[in-house]
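In: Provided below are the primary sequence and the corresponding predicted coordinates.
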Amino acid sequence: MDSGNTAWVLTSAALVLFMTPGLAFFYAGMVRSKNVLGMLMQNIFAMGIISTIWAIVGFTLVFGDSGNSWIGNFDFFMLWNVTDLDGDIPGMALVAFQMMFAVITPALITGATADRLKFGSYALLIAIWSLLVYVPVAKWVWNGWILDMGALDFAGGTAIHINAGVAALAVVLVIGNRRGHGTEAMPPHNLPLTVLGTGILWFGWIGFNAGSALAANGIAAQAVVNTHLAAATGMLGWLIVERIKTGHATTLGAASGAVAGLVAITPCAGFVGGASPMIIGSIAGILCYLALGIKEKMNWDDSLDVIAVHLVGGIVGTLLLGFFADTSVNEDGFDGLFYGGGLELLKDQFVGALFVGMFSFVVTYAIAFGISRTIGLRVDADDERIGLDQTQHAESAYTP
Amino acid sequence: MDSGNTAWVLTSAALVLFMTPGLAFFYAGMVRSKNVLGMLMQNIFAMGIISTIWAIVGFTLVFGDSGNSWIGNFDFFMLWNVTDLDGDIPGMALVAFQMMFAVITPALITGATADRLKFGSYALLIAIWSLLVYVPVAKWVWNGWILDMGALDFAGGTAIHINAGVAALAVVLVIGNRRGHGTEAMPPHNLPLTVLGTGILWFGWIGFNAGSALAANGIAAQAVVNTHLAAATGMLGWLIVERIKTGHATTLGAASGAVAGLVAITPCAGFVGGASPMIIGSIAGILCYLALGIKEKMNWDDSLDVIAVHLVGGIVGTLLLGFFADTSVNEDGFDGLFYGGGLELLKDQFVGALFVGMFSFVVTYAIAFGISRTIGLRVDADDERIGLDQTQHAESAYTP
Amino acid sequence: MDSGNTAWVLTSAALVLFMTPGLAFFYAGMVRSKNVLGMLMQNIFAMGIISTIWAIVGFTLVFGDSGNSWIGNFDFFMLWNVTDLDGDIPGMALVAFQMMFAVITPALITGATADRLKFGSYALLIAIWSLLVYVPVAKWVWNGWILDMGALDFAGGTAIHINAGVAALAVVLVIGNRRGHGTEAMPPHNLPLTVLGTGILWFGWIGFNAGSALAANGIAAQAVVNTHLAAATGMLGWLIVERIKTGHATTLGAASGAVAGLVAITPCAGFVGGASPMIIGSIAGILCYLALGIKEKMNWDDSLDVIAVHLVGGIVGTLLLGFFADTSVNEDGFDGLFYGGGLELLKDQFVGALFVGMFSFVVTYAIAFGISRTIGLRVDADDERIGLDQTQHAESAYTP
Amino acid sequence: MKLITAVIKPFKLDEVKDALKSLGVTGITVEEVRGFGRQGGHTETYRGAEYQIDFVPKVSLRIVIDDDRADAVVDTIASSAATGKIGDGKIWVSEIDRVVRIRTGEEGHDAL
Amino acid sequence: MKLITAVIKPFKLDEVKDALKSLGVTGITVEEVRGFGRQGGHTETYRGAEYQIDFVPKVSLRIVIDDDRADAVVDTIASSAATGKIGDGKIWVSEIDRVVRIRTGEEGHDAL
Amino acid sequence: MKLITAVIKPFKLDEVKDALKSLGVTGITVEEVRGFGRQGGHTETYRGAEYQIDFVPKVSLRIVIDDDRADAVVDTIASSAATGKIGDGKIWVSEIDRVVRIRTGEEGHDAL
Ligand SMILES: Nc1ncnc2c1ncn2[C@@H]1O[C@H](COP(=O)(O)OP(=O)(O)O)[C@@H](O)[C@H]1O
Ligand SMILES: Nc1ncnc2c1ncn2[C@@H]1O[C@H](COP(=O)(O)OP(=O)(O)O)[C@@H](O)[C@H]1O
Ligand SMILES: Nc1ncnc2c1ncn2[C@@H]1O[C@H](COP(=O)(O)OP(=O)(O)O)[C@@H](O)[C@H]1O
């Protein structure tokens, strides 16, 4: 066992753990003050329920060596026998690191469905989603047929961002728009909280991406640099377009652009080098900004822009990897179009992304629809007016 | 010297350092807006005064090799000769890591005594307490007779949580209840701050518990997983009881339950495996919730529930270790009742906890009583009405 | 390649990354509520623009092996060939770690110029400053003539704090005082944000200083202890003088004193041991407090005291190293006056600091003056009255 | 000259403001308030303890207006702020002796 | 119809509200305010600089009530808000021409 | 007895307070408000969407004062709050029937 690699993976697990509170604040700053706790709670609660599910059956269904490429077996049920995976790092380090990924993925959805989910139904939604959507997708991408096919996803562009982005859209289609959407102004109630969340996310994302090397080596170091540069250039790209289009570079724009860059570099982090992260980041910043218009056009109330940032950002990164992947950076990868690898990788990236997107959409829609038609997924009109904090949690965020 | 183990212990020290600001926010969100800075300051100030005391005499009195099991010698006075401890990790790494523990322990007390301590007297209280209570207890538990007796405390269930929890009770008994306690509503002024504090605590606790392995190995990885799962199930346990009893799952409940789980797993983190952390966490979440009633019944104004969360949580973890300890996880431990070790460990756990509790109570009461009768420990009625921010620190937390 | 050292440097890079959001909150809590986003944005934006510049030309101009001691060459332009630096740690780890330093240095200036910079002009200012001031100074101090001369700067007392502190003064002299300075009260709008920033800075500074060892070894561990103790004693020193002078120990004082101690220990962190960090920290806490009067006397509106904290703190640390440096702690250093090294080191420290200070002042003044006379550096009177949030970013920090 | 004060539900503010704008009202002063009334409050839960919160967030508007337009303003507020549900709020009208526009020193009708 | 305005110490709000409730008052509108008065302010310290803060946090209440009950309301507030210490605040009463309940359009006594 | 209400620009508060203090005014109650008026609002941008924000931050002052000093107070506020730019705000004056000092129960002139 290598203590340095173990130290890095454990550190990375802690960093990724911290991202879910970061995401909670990133989103909570943007909602209206009557829904702050509702948003924080949905995210924090994911840390409770998803971690538990992951330990009981999630991990084993992804990493249990079933011999097939669709779903794992029960070898590691309840985390039994995980020490069998001990090698360069302890098996438990892999459990810890992957558990944090499982937690944050469904939490991403809460940005799209802000201000209108019943808490109990939300809890059920993400629990089922984690098992029926996240677990199989994670298996395919990191330990199954999508990997075998030749598609690359260093830290979760497809498995996490495309997956959660599509799921967010599916749930929005089931629950509909917020009351007052399009007529009332719903400006962010506390942007410093959003900036705080951005800072925490950016910090944690270093562990998210570079921890995925599962070692403290040159690839991890490259991933740190790539991650940071994509965030930086994502911010610049977004702000430039924003300033041209609206006349102002906004704080929320800086935050959003950085996150867009981080999303896009996620699949690429350990496979690209040189100036590539800056190109990927700035393209993501620009395209994600432009993608903000989609929800307007479609009249989807994707309240805090999960589609524009995570779905579009995830697609951008996943596909650009088909151009920028470079085996001189990481010999376990493949060369992309610009590095002499032809169209092969791009095609595999596309197929993987498409399949995951379709699967996630159909299954998520079915789950959300099922809950909606039985116990109900959306709060009633009065509760929505009063806000989630009071009606779902019997609390006030701020008391004078 | 092993660079990987060193990296992990230094990282863990940083993580634990961050917990004290985290605790400051966890508590500060719950007080009324006129006492926010008072609460933040009490916690931040512990980082100043206790660190200094620790470097001068604290460390040496715990780790100086006196040959007896009651108190260390002065070999490392002023951190001289610490390089003598260099081994697998540098001696200074142990100093750093342990220093952060010494800081946060007295800071835990501030939750019980919220809104009514004179700042100067508080400073004196924790300085004396650190020397007369924390230092001997830390010596006994980690480097003295309680350890020798056979009691286990991986990261401080007895030395930190039971110790601070009992001390909190003793100080509350000396200073009495807040003015208006039981008649005025005193709801939390800013729950997002409490959630922020929870996120930081949870994040830092990874270092707190897994750093206690003093190495980046399988035990550390197990401790990361155990810590996270206990927090997760502590949250679930608390929320389920809360929802049954009050009809709502609250954000503050989620935060409190997670902390309860973290407290309970602290003594167990490197000694248990499999599903044990989930059982320990959920029992802690449930019992700590139920323990909230104690202060009501006794009319103790333990303002932010240090007794229910830290004292009860610490006892739960310390005793459950007597059942769940498993030498197949960590051969330096012992087997608990459920793993064929009989009642031996449980008995030792009980004796250690009881003795520390009694010692801490008596000495803390004496210190608080002494200060109270001389320079005074509590602000006067007018200052309490106006609030600590203005009267103790001549500041306002928020200015329009 | 050593995985433990790599893990520690990558962890440290992440910690330093987190410091810039920390600094953003440290400052943003102190401004008036109409300028919160302006302050946050200036800091966050530095993460975007400076990182990008650093990756393109900054790193290579500092670390490209030009053979001269004034400026690097273009070997690592666009981060090409960085793997040539692979050794004990990957070259990319050095890039990552140093990039975070490059980001935070110009961000320090924003405290002095609070509430009155045009955003676009600010962006230009720091971009040019980074190239014309930071890059050469970093080269001289860490890889050039100041190092060769025999001056020591472990983590940036001269290169970062003196440099940014002097630059802050130069920009203030160009732009002038805030409207209402000296007549209107401008109390901090949200001190909890400042405390949060302090917590993050303190946490991150562990990586800043101890990461500068570029290894997880005894020197890194010593640097962790030194850093923490200097912060602790800086707080105590500041609070004691403050309490004597004003009758109160304030929360902002605790935060400021801790930062003063952190600044002062920065150049010393890996070169001193024993009680030295406590002496250095407390002297810094006291002197930085006393230095608050300078701006009053000179009528400089150094709004959030960058001069008193960073410039004075940086000078204190840089010069005290001439007394306290100890080769028994780090054989790559020199002995200071108190450790038998005579006046040699003190003289070198003084020369390095003086030269960097003069260079930074002249060049920064020229840049700021140039921008001021062309596109303008300061917002107009109305925009200043309304605040940066609305006029520069078309946003509100808080919405009811 | 009349002073019209209205206490309404917060989410109705935009609608009321737009209605008043259409009516030609040129100035409104608004503040966040809390109201106790028939609507009743709600219960909050903190660590098992339940608190009765009697006050509900409301928004208060103040409008100074010429006597002859006062009734129209009251009616406009009443209709645009109504949801028909308890807690919609109140409007009250009182007499003003003097109004001054600070910028110009104009008084009375010209000050509005 | 009268409008009673009171400015009181914040921590007295619950007590005053309960006293008014017992008196049968069915509505109160409350806001956080800051008061300057004989009580004087306090000094705040920021990095060595001392600021005089003249304003003290207070709570303001507004109650619309029938003429014949106005005095009872004033007396109740005065007695329940008093601590006897400087800064207890003021109560003032003015005349109201018209009151409307938004929900129903009721006016005058029925609107309360 | 008169009640003087003024709505002013926030950054003018200190100046107005000092001017009133010099005039011998012994009490002021202040609150943060938002104003809609000729000054117009501003546009805010959130992720590409532009919102028109019609309300501008203002500060409102209330002063209860003897009849004979009311005009002096109005004039003092008007001159000290003026910048000459749009949005300086309004002052209005109304009649008060009764004033009570809570601490002592004093009424009328003595209550101030
Ligand atoms: N007598 C009153 N004086 C002042 N404000 C009142 C009065 N009665 C009600 N209000 C205000 O109007 C709001 C709505 O009143 P409420 O009685 O709850 O509903 P409704 O107006 O539909 O009868 C209250 O929250 C309070 O702010
Ligand atoms: N003339 C006044 N007009 C308006 N509000 C006043 C007036 N005088 C006092 N107040 C309000 O009453 C509060 C208490 O007044 P103060 O003079 O401090 O004490 P007391 O009421 O005990 O004499 C003040 O803070 C202010 O809000
Ligand atoms: N008729 C009115 N009733 C109540 N408040 C008003 C009225 N007109 C203006 N105000 C208040 O005065 C502020 C300034 O008014 P505005 O028309 O913008 O400028 P000016 O007073 O310079 O003409 C507004 O923001 C609003 O708060």
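Out: Looks like it came in fine. Ligands and ions are numbered 1, 2, ... in the order given.

In: Look up how far residue A:328 lies from whatever residue of the stretch 201-350 of chain A ends up closest to chain B.
Out: The stretch 201-350 of chain A approaches chain B most closely through residue A:216 (8.0 Å), counting by CB to the nearest CB. All C-beta atoms are positioned from the backbone trio N, CA, C, and that covers glycine. Distance, residue A:216 to residue A:328, by CB to CB, to the nearest Å: 20 Å.

In: Look at the two and report which has more neighbours.
Out: Set residue A:216 next to residue A:328 and count neighbours by other CB atoms under 10 Å in any protein chain shown: residue A:216 wins out with 37 against 11.

In: which helices and strands does whatever helix or strand residue A:347 lives in pack with?
Out: Under the criterion of DSSP states H and E, residue A:347 resides in helix A:344-373. Judged by 3 or more CB pairs under 8 Å, 6 or more residues apart in numbering or on different chains; DSSP states H and E, the packing partners of helix A:344-373 are helix A:119-129, helix A:135-143, helix A:145-149, helix A:163-175, helix A:312-324.

In: and the angle for that helix with helix A:163-175?
Out: Computed by axes from the mean of the first three to the mean of the last three CA atoms, to 10 degrees, the angle separating helix A:344-373 from helix A:163-175 equals 30 degrees.

In: tell me the pLDDT at whichever residue of the stretch 1-150 of chain A sits closest to ligand 3?
Out: Using CB to the nearest ligand atom, the single residue of the stretch 1-150 of chain A nearest to ligand 3 is residue A:33, 22.2 Å away. pLDDT, residue A:33: 95.

In: Could you check how many residues crowd around the closest residue in space to it that isn't next to it in sequence?
Out: Spatial nearest neighbour of residue A:33, chain neighbours left out: residue A:189 (4.2 Å); criterion: CB to CB, 6 or more residues apart in numbering or on different chains. Residues within reach of residue A:189, counting by other CB under 10 Å, total 23.

In: in whichever strand or helix holds residue D:16, what counts as buried?
Out: For residue D:16, the element it lies in under DSSP H and E is helix D:13-22. Within helix D:13-22, the residues scored as buried using 16 or more other CB atoms under 10 Å in any protein chain shown are D:13, D:15, D:16, D:17, D:19, D:20.

In: next one: stretch A:388-396
Out: A:388, A:389, A:390, A:391, A:392, A:393, A:394, A:395, A:396.

In: again with stretch D:49-57
Out: D:51, D:53, D:54, D:55, D:56, D:57.

In: Give me the phi and psi for the last one.
Out: Per-residue torsions, residue D:57: phi -60, psi 130 (degrees, to the nearest 10).

In: OK, contacts around it?
Out: With contacts defined as CB atoms under 8 Å, 6 or more residues apart in numbering or on different chains, the neighbours of residue D:57 are D:10, D:32, D:33, D:34, D:35.

In: Leaving out chain neighbours, which residue sits closest to the closest residue to chain C within the stretch 101-250 of chain A?
Out: Here the residue of the stretch 101-250 of chain A nearest chain C is residue A:199; by CB to the nearest CB that distance is 2.8 Å. Closest residue to residue A:199 apart from its sequence neighbours, by CB to CB, 6+ apart: residue C:21 at 2.8 Å.

In: got it, and residue A:107?
Out: Distances taken as CB to CB, 6+ apart place residue A:46 nearest to residue A:107, at 4.3 Å, with adjacent residues excluded.

In: quick one, what contacts the one you found?
Out: A:20, A:103, A:104, A:106, A:107, A:126.

In: what's the answer for residue D:28, then?
Out: Applying CB under 8 Å, 6+ apart to residue D:28 gives the contacts D:17, D:20, D:61, D:62, D:63, F:35, F:36, F:37.

In: Restricted to strands, list the residues you listed.
Out: When DSSP state E defines the strands, the subset of these inside them is D:61, D:62, D:63, F:35, F:36.

In: Ok, which of the helices and strands packed on helix A:344-373 comes nearest residue E:91?
Out: Residue E:91 sits nearest to helix A:119-129 of all those, at 43.6 Å, using CB to CB.

In: Take the helix or strand that contains residue A:49, keep the C-alpha atoms, and write them as PDB.
Out: Using DSSP H and E, residue A:49 sits in helix A:36-53. Provided in PDB are the C-alpha atoms of helix A:36-53 (Å, rounded to 0.1, in the frame of the first residue of the first chain):
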ATOM      1  CA  VAL A  36     -33.300  29.000   1.800                       C
ATOM      2  CA  LEU A  37     -33.600  26.200   4.300                       C
ATOM      3  CA  GLY A  38     -35.600  24.100   1.900                       C
ATOM      4  CA  MET A  39     -32.700  24.300  -0.500                       C
ATOM      5  CA  LEU A  40     -30.000  23.800   2.100                       C
ATOM      6  CA  MET A  41     -31.900  20.900   3.600                       C
ATOM      7  CA  GLN A  42     -32.400  19.100   0.300                       C
ATOM      8  CA  ASN A  43     -28.600  19.100  -0.300                       C
ATOM      9  CA  ILE A  44     -27.500  18.300   3.200                       C
ATOM     10  CA  PHE A  45     -30.100  15.500   3.400                       C
ATOM     11  CA  ALA A  46     -28.500  13.900   0.300                       C
ATOM     12  CA  MET A  47     -25.400  13.400   2.500                       C
ATOM     13  CA  GLY A  48     -27.500  11.400   4.900                       C
ATOM     14  CA  ILE A  49     -29.700   9.200   2.700                       C
ATOM     15  CA  ILE A  50     -27.400   8.600  -0.300                       C
ATOM     16  CA  SER A  51     -24.400   7.800   1.800                       C
ATOM     17  CA  THR A  52     -26.400   5.200   3.700                       C
ATOM     18  CA  ILE A  53     -27.700   3.600   0.500                       C
END
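
In: So what's the gap between the following helix or strand past it and the chain middle?
Out: For helix A:36-53, the following helix or strand on the C-terminal side (DSSP H and E) is helix A:59-63. Taking CA atoms, centre = their mean, to the nearest Å, one finds the center of helix A:59-63 at 19 Å from the center of the full chain.

In: go on, stretch A:121-131?
Out: Stretch A:121-131 sits 16 Å away from the centroid of its parent chain (CA atoms, centre = their mean).

In: okay, and the helix or strand of chain A with the least pLDDT?
Out: Lowest mean confidence among the helices and strands of chain A (mean pLDDT, DSSP states H and E): helix A:381-386, at a mean of 93.

In: What separation is there between the residue nearest to residue A:107 and chain F?
Out: 24 Å (CB to the nearest CB, to the nearest Å).

In: how far away is that residue from residue C:28?
Out: Per CB to CB, residue A:46 is found 29 Å from residue C:28.

In: can you tell me which helix or strand residue D:32 belongs to?
Out: Residue-wise, residue D:32 maps onto strand D:28-36 under DSSP H and E.

In: in its sheet, what does that strand sit against?
Out: Strand D:28-36 sits in its sheet next to strand D:56-65 (antiparallel), strand E:28-36 (antiparallel), strand F:28-36 (antiparallel), going by DSSP bridges.

In: With just CA atoms, put the last one into PDB.
Out: What follows is strand F:28-36, C-alpha atoms only, in PDB (Å, rounded to 0.1, in the frame of the first residue of the first chain):
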ATOM      1  CA  ILE F  28     -36.000  60.600  16.000                       C
ATOM      2  CA  THR F  29     -37.200  57.200  14.900                       C
ATOM      3  CA  VAL F  30     -35.600  55.900  11.700                       C
ATOM      4  CA  GLU F  31     -36.300  52.900   9.400                       C
ATOM      5  CA  GLU F  32     -34.800  51.500   6.200                       C
ATOM      6  CA  VAL F  33     -37.400  51.700   3.400                       C
ATOM      7  CA  ARG F  34     -37.500  51.400  -0.300                       C
ATOM      8  CA  GLY F  35     -38.900  54.100  -2.500                       C
ATOM      9  CA  PHE F  36     -40.500  54.300  -5.900                       C
END
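
In: Alright, that wraps it up for me.
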